[in-house]
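*Asks:* dropping a prediction and its sequence here:
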Amino acid sequence: MPDKHNGMNNEKNFKNTDNESTMYIPGDSKQYQQNAQQYSDNYYGRNVSQQNQHQPNYGSQQQYQQVGQQQGYQYPQNGQQGYPYQNGQQQGYQYQQNGQQRYPYQQGGQQQGYSYPQNGQQGYSYPQSGQQQGYSYPQQQYAQPQGYAEPPEPPQPRKRRRRRKHRSLIGVILRRVLLSLFILFLIVFGIYSCTSLSLINKMNFVKDGERTRNSDAISRDYVQSILIIGTDGRTDDERGRSDSMILVSFNTKTDETIMTSFMRDSYVDIPGYGWNKLNAAYSFGGAELLMDTIEKNFYVKIDNYISINFVTFASIIDSVGGIDMEISDEEANEINVILQNEVNEIMGDVPNADFVPEGGKVHLSGKQALCYSRIRYVGNSDFERTSRQRRVMTELIKKGAKNAPSFAKKISKNALPHLTTNMTKGKLYLLSLKLPFYLKNETKQLQIPVDGSYTGENVYNSDGSYQSVLTVDFDKNCDVIEDEVFSDKK
């Protein structure tokens, strides 16, 4: 077959070894090799970057390479762009059949790449020593930038460490001290409660009798009042007459303890008995009738009472070791008269026992203090008598507060069994808890009727006899009681 290459038309110039028309092989021609070498030197001898500027696309699918000398491009099948060789090895992108692009990574002069699985997921292929590493793209085309990497997993929230609280030494000591004080308080409170309840259980409790109450009588939540009734009875069963009537009121608004004495000769209306002296109410109907009489005439509400007879009163004074009083010579003489005529006989002593030699500051025993409280014929009669009674009670409260342990022990044995009250054990226990605070109150004394609110008169009885009484201005005295006892301001 005639050859049309290089203008060689004469087939005689070529040797035919198989009796067939011979195909011209360009590589066999020296001229062809020289032309190819010249073409390669002219084209590939220039800088690759200059070639990319002038000739960005190459349509040829031939690959040119010469190790260590030439730098060329590998062309894909469909005319895609090729990439140069460097350091004797090929660097560039290898295209698949559908035009996807591979991304090379060069390391140690060898080609490096990534291999992608069929479902679009990224996979990694690790090369053997000296072998090519690369990526294999699936058939589906992905528009991913060069050097694409899967995003990192979102950071997991870090578990927060709890800070350990450092306890200060002062705080630990303070807590221990407070705990110790609290435990000590519970112990003291328990001892006090047990002692109080044991004393309360020794008192003589009675139920309230029938009452005729005055609905208009004055009362306040911050005032607790107890009527102390001193009788002239010699025994617990003997009612006698109410020798002294003192309303003891504890005002928590003013922090005061007010002792209000009601004079025994006050001419009052006794419910169910008509007009008579105030002390007659007790002899007619006991403590209930006396409280009703005070409520009706002086408009002060009274719920509770404690009654004390002669012997019990003297025992209470002796329980605190006696009291110190400033007395006159006349008062000392009157004490001796009462001892001789009445009290020593009640106490089982000789008539002239325990006389007071003279006036001045005198230490009075129980029966001497009782005689002092009953003096009527020295000074302004019954007015000074009630004043002396309040003085004795004031000194008793002070002395009892100072000698509480021994006082409680002695009074529980000698006096409490002879005290009579209508207060429940619960009320008395609550009162005992408040009593230490009440003992710190300021003491105020009040006498009813007040000066300028009464006149002395003689009234005649149905049998023709008469008696000296005090006619009272009740409205004026009720106002004084409301202002002094139930005040909410000092």
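*Replies:* Yep, that arrived. Model, not experiment: these values are computed from the prediction. Numbering: from 1, shown residues only.

*Asks:* okay, CA-based contacts and neighbour counts for the rest of this
*Replies:* OK.

*Asks:* might you list the low-confidence residue ranges for this structure?
*Replies:* 1-33, 35-151, 156-167, 233-240, 404 (pLDDT under 70).

*Asks:* show me where it has its helices.
*Replies:* For the chain, the helices defined by DSSP state H occupy 30-44, 48-54, 169-200, 280-298, 310-319, 329-338, 344-347, 366-373, 381-402, 404-414, 425-438, 474-485.

*Asks:* let me see the domain layout of this structure.
*Replies:* 1-44, 204-485 (automatic domain parsing).

*Asks:* packed most tightly, which of those would that be?
*Replies:* Ranked by mean neighbour count, the domains of the chain are led by domain 204-485 with a mean of 18 (mean count of other CA atoms under 10 Å).

*Asks:* to residue 155, which of the domains of the chain lies closest?
*Replies:* Nearest to residue 155, of all the domains of the chain, is domain 1-44, at 51.1 Å by CA to CA.

*Asks:* which residues in the stretch 201-350 of the chain form strands?
*Replies:* Ranges of strands in the stretch 201-350 of the chain, per DSSP state E, counting those that start in this stretch, are 204-205, 223-231, 242-251, 256-262, 267-270, 274-277, 304-308, 323-327.

*Asks:* adding distance to residue 392, write those out as JSON lines.
*Replies:* As requested, these are exported to JSON lines (distance: least, CA to CA, whole Å):
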{"stretch": "strand 204-205", "distance to residue 392": "24"}
{"stretch": "strand 223-231", "distance to residue 392": "13"}
{"stretch": "strand 242-251", "distance to residue 392": "12"}
{"stretch": "strand 256-262", "distance to residue 392": "12"}
{"stretch": "strand 267-270", "distance to residue 392": "26"}
{"stretch": "strand 274-277", "distance to residue 392": "24"}
{"stretch": "strand 304-308", "distance to residue 392": "14"}
{"stretch": "strand 323-327", "distance to residue 392": "8"}
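
*Asks:* so for residue 443, which of those strands sits nearest?
*Replies:* That would be, of the strands of the stretch 201-350 of the chain and by CA to CA, strand 256-262, which comes in at 4.8 Å.

*Asks:* give me the contact list for that closest one.
*Replies:* 244-251, 386, 390, 438, 441-449, 485 (CA atoms under 8 Å, 6 or more residues apart in numbering).

*Asks:* in its sheet, what does it sit against?
*Replies:* According to DSSP bridges, strand 256-262 forms sheet pairs with strand 242-251 (antiparallel), strand 442-448 (parallel).

*Asks:* tell me the angle the shortest one makes with helix 381-402.
*Replies:* Angle, strand 442-448 to helix 381-402, by axes from the mean of the first three to the mean of the last three CA atoms, to 10 degrees: 160 degrees.

*Asks:* then the first one?
*Replies:* Relative orientation of strand 242-251 and helix 381-402, computed by the same axes, to 10 degrees: 50 degrees.

*Asks:* isn't residue 418 up against residue 313?
*Replies:* No: under the criterion of CA atoms under 8 Å, residue 418 makes no contact with residue 313, lying 9.4 Å away.

*Asks:* now the helices of the chain as a markdown table including distance to residue 208?
*Replies:* A markdown table is the format used below for the helices of the chain (distance: least, CA to CA, whole Å):
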| stretch | distance to residue 208 |
| --- | --- |
| helix 30-44 | 134 |
| helix 48-54 | 124 |
| helix 169-200 | 18 |
| helix 280-298 | 7 |
| helix 310-319 | 22 |
| helix 329-338 | 34 |
| helix 344-347 | 29 |
| helix 366-373 | 28 |
| helix 381-402 | 26 |
| helix 404-414 | 24 |
| helix 425-438 | 14 |
| helix 474-485 | 25 |
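
*Asks:* tell me which of these sits nearest to residue 356.
*Replies:* helix 329-338 (5.9 Å).

*Asks:* from the contact counts, what lies against the closest one?
*Replies:* Counting contacts by 3 or more CA pairs under 8 Å, 6 or more residues apart in numbering; DSSP states H and E, helix 329-338 packs against helix 366-373.

*Asks:* please export the C-alpha coordinates of the helix it packs on as CSV.
*Replies:* This file holds the C-alpha atoms of helix 366-373, laid out as CSV (Å, rounded to 0.1, in the frame of the first residue of the first chain):
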residue,chain,number,x,y,z
GLY,A,366,-43.3,36.9,157.1
LYS,A,367,-45.7,37.5,159.9
GLN,A,368,-44.2,41.0,160.6
ALA,A,369,-44.8,41.9,157.0
LEU,A,370,-48.3,40.6,157.2
CYS,A,371,-49.0,42.9,160.3
TYR,A,372,-47.4,45.8,158.4
SER,A,373,-49.8,45.3,155.5
